[in-house]
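Novice: sequence plus the predicted model coming up.
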Amino acid sequence: MLSKVTKSSIAGNATWLMALQISSYIVPFLLLPYLTRTLGAEVFGELAVGWAVVAYLAIFVDFGFYLWGVRESALHRHDPQRISRLWVSIQGIKISLLFISLLFMLAASKIAGSSVYLYLFLWFALTGQALMPGWLYQGMEKSFWFLVFSILAQVVAAVATVVFVSSPSELLFVPLCAGLSWMLFSVLANIDVCKRFNIGFVLPNRAFVSEALKGAWPLFSANIWVAFYVNLPALAVGFLSDRSEAGQFVGAQKIILAIQALFTPISSALFPHASRIASKDKKEAFLFLKKAGLISVSAMFAMSLFVFLLADFISVLALGSHFEKSGELLRIMAFGPVFVAGSMLLSNHYIVALGKASILRRLYTITAAVSVVLSVLLVVAFDSVGAAFVYLFTEAFVFALLLRTALKISSS
């Protein structure tokens, strides 16, 4: 049984993370109608392809620290010296990976036939978001301050975008505004964690850096495949069809991602506690998973049903009349978030919490291969409609694999 203090801590952390998640999608979601109407489907599609590339590189730069860092800081929160080494190591590794990612961004701009400045400014935004120490705030269960810095970064970026972007020719200002804002507040957030958690610059030795890389590697090697299949439909329709089809799909996908992301703060708040339970008792961890899953998946199903019934209205309201096809795509993808919520619980709160993250790599590799086959067949044949079915089928497939794996672990 959870103590009152533990329940209060989880509830408080979940509340702040929910507020963060809602704000992280409310601001961009409010900005989305402005961008779709101002840029038009074709230019918005060009931006959407860039976003898909950034999504891949975000996983590469994070390197699995979004969970491993949370877990380590939660387990060693009363050891300032280890927390200091952890912060220096993770941020240092990320900075190194960011410079490597810049080369990929420049190459992607050539392959996509887009402006090199568009991808350079997208990299600025990637840098700011990657170095935001959200993992540390969550592990120390001080998510309120992560909420503050993230909201400020988004609001400033959104306001600047509205001020500086008034036509398709001003596309470059969209990622530039986001990049400069995220970089500014990322610097401020890192200054804040240093003061708040008494972090000093403790130079980690080679063994500690190696420990960090080895600890996060299973998550990274698994999640790079997750990023591959999650972002593949948008990338496939961007390269295998025309930009307007990509714009229609990404418009609908943004709505779906906003819905499924509502579960992320609950997941993030539960993860530190799930890790502690799993380190002591596997059976209790499975019972905790079942209780959390029943409530979470039921709530997500109700929300998905609402989206399915009102898909056309939501599409026109959010994207504008020029994105009428997005309503059809939204209806196809409506129940994807149900599978995503279930998969997140099974993977993060049971398999990863039990220290069996290495299993995920094989499952996600299989899923990525299935997604490639589906993308080639469906996107080439049906354009954005095919991409919508790729998303739905892939999420259902990975949920089935994770459920089968979790049941095997629980019975062993």
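Specialist: Yep, that arrived.

Novice: show me the contact partners of stretch 227-239.
Specialist: With Cβ atoms under 8 Å, 6 or more residues apart in numbering as the test, stretch 227-239 has contacts from 45, 48-49, 51-53, 55-56, 58-59, 112, 245-246, 249-250, 253, 364, 367-368, 370-372, 375-376, 379, 383-384, 386-388, 390-391, 394, 398. C-beta: built from backbone N, CA, C; applies to glycine.

Novice: elements contacting the host helix or strand of residue 163?
Specialist: Counting by DSSP states H and E, the element that carries residue 163 is helix 143-164. Counting contacts by 3 or more Cβ pairs under 8 Å, 6 or more residues apart in numbering; DSSP states H and E, helix 143-164 packs against helix 4-62, helix 134-139, helix 173-196.

Novice: just after whichever strand or helix holds residue 340, pick out the following helix or strand.
Specialist: Using DSSP H and E, residue 340 sits in helix 336-346. Next in sequence after helix 336-346, counting helices and strands by DSSP H and E, comes helix 358-411.

Novice: which elements pack onto that next one?
Specialist: helix 206-240, helix 243-260, helix 282-309, helix 325-333, helix 336-346.

Novice: burial measure for residue 102, as a count.
Specialist: Residues contacting residue 102 under the criterion other Cβ atoms under 10 Å number 16.

Novice: check the secondary structure at it for me.
Specialist: helix (DSSP: H, G, I helix; E, B strand; the rest coil).

Novice: measure it to residue 360 for me?
Specialist: 28 Å (Cβ to Cβ, to the nearest Å).

Novice: with residue 37 instead?
Specialist: 40 Å.

Novice: for residue 30, which non-adjacent residue is closest in space?
Specialist: residue 158 (7.2 Å; Cβ to Cβ, 6 or more residues apart in numbering).

Novice: show me the contacts for that neighbour.
Specialist: Applying Cβ under 8 Å, 6+ apart, the residues near residue 158 are 27, 28, 30, 31.

Novice: how about residue 388?
Specialist: 233, 249, 252, 328, 329, 332, 333.

Novice: now with 7 Å?
Specialist: Residue 388 makes contacts with 249, 252, 329, 332, 333, as judged by Cβ atoms under 7 Å, 6 or more residues apart in numbering.

Novice: and the third one, what does it touch?
Specialist: Residues counted as contacts of residue 329 (Cβ under 7 Å, 6+ apart) are 248, 249, 252, 384, 385, 388.

Novice: now stretch 221-239 - C-alpha only, PDB.
Specialist: C-alpha atoms of stretch 221-239 as PDB (Å, rounded to 0.1, in the frame of the first residue of the first chain):
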ATOM      1  CA  SER A 221      18.900   1.500 -28.700                       C
ATOM      2  CA  ALA A 222      15.200   0.700 -28.100                       C
ATOM      3  CA  ASN A 223      13.800   4.200 -28.500                       C
ATOM      4  CA  ILE A 224      15.700   5.000 -31.700                       C
ATOM      5  CA  TRP A 225      13.600   2.400 -33.300                       C
ATOM      6  CA  VAL A 226      10.500   3.800 -31.600                       C
ATOM      7  CA  ALA A 227      11.300   7.200 -33.100                       C
ATOM      8  CA  PHE A 228      11.900   5.500 -36.400                       C
ATOM      9  CA  TYR A 229       8.400   4.000 -36.600                       C
ATOM     10  CA  VAL A 230       6.600   6.900 -34.900                       C
ATOM     11  CA  ASN A 231       8.000   9.500 -37.300                       C
ATOM     12  CA  LEU A 232       8.200   7.300 -40.400                       C
ATOM     13  CA  PRO A 233       4.600   8.000 -41.700                       C
ATOM     14  CA  ALA A 234       5.200  11.700 -41.800                       C
ATOM     15  CA  LEU A 235       8.700  11.300 -43.300                       C
ATOM     16  CA  ALA A 236       7.400   8.800 -45.900                       C
ATOM     17  CA  VAL A 237       4.500  10.900 -47.000                       C
ATOM     18  CA  GLY A 238       6.900  13.900 -47.200                       C
ATOM     19  CA  PHE A 239       9.300  12.100 -49.500                       C
END
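
Novice: which parts of it are buried?
Specialist: Using 16 or more other Cβ atoms under 10 Å as the test for burial, stretch 221-239 gives 221-238.

Novice: doesn't residue 215 make contact with residue 68?
Specialist: Yes. Contact criterion Cβ atoms under 7 Å: residue 68 and residue 215 qualify, at 5.0 Å.

Novice: please say which of those two ends up with more neighbours.
Specialist: Neighbours per residue, other Cβ under 10 Å: of residue 68 and residue 215, the larger number sits with residue 68, 26 against 17.

Novice: hmm, back to that, out of the contacts of residue 158, who's nearest residue 188?
Specialist: Closest approach to residue 188 among the contacts of residue 158 (Cβ to Cβ): residue 27, at 17.8 Å.

Novice: quick check: closest non-adjacent residue to the closest one.
Specialist: Of all residues not flanking residue 27 in the chain, residue 154 sits nearest, at 4.1 Å (Cβ to Cβ, 6+ apart).

Novice: neighbours around that neighbour, how many?
Specialist: 22.

Novice: still on that earlier bit, how close does the residue nearest to residue 30 sit to residue 105?
Specialist: 23 Å.

Novice: again, but for residue 189
Specialist: To residue 105, residue 189 is 23 Å away according to Cβ to Cβ.

Novice: with neighbour numbers in mind, choose between the two.
Specialist: Between residue 189 and residue 105, counted using other Cβ under 10 Å, residue 189 has the larger neighbour count: 24 against 20.
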